[in-house]
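1. Can you look at this prediction? I've put the sequence above it.
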Amino acid sequence: MYFDSVEAALSMAGHGGYVWSAYAISLLVVALILLAPRRRQRKLLRRLAGEQKRRQQGHTAMEEGI
């Protein structure tokens, strides 16, 4: 596809709004798909660290006779 100017590439003979919004939505979906596992991993690691900390505090309290 060849366009004479940037304006022609953006407007795409009146279809530019649909084309560019489709690209934007697709990129957004791909970004969310790539970022979601990292977010879930960080959430899981925080939860596991909290559980481990509570267990260690529980063992310390039992050793002290509390």
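-> Thanks, I have it.

2. does Leu27 sit in a helix or strand, and which one?
-> Leu27 belongs to helix 16-63 when assigned by DSSP states H and E.

3. Which secondary structure elements does the helix or strand bottoming out on mean pLDDT in the chain sit against?
-> When the helices and strands of the chain are scored by mean pLDDT, DSSP states H and E, helix 6-11 comes last with a mean of 88. Packing partners of helix 6-11 (3 or more CB pairs under 8 Å, 6 or more residues apart in numbering; DSSP states H and E): helix 16-63. Using the backbone N, CA and C atoms, a C-beta is placed for each residue, glycine as well.

4. can we see that at 6 Å?
-> Helices and strands touching helix 6-11, as assessed by 3 or more CB pairs under 6 Å, 6 or more residues apart in numbering; DSSP states H and E, are absent.

5. buried stuff in it?
-> Neighbour counts over helix 6-11 (16 or more other CB atoms under 10 Å) mark no residue as buried.
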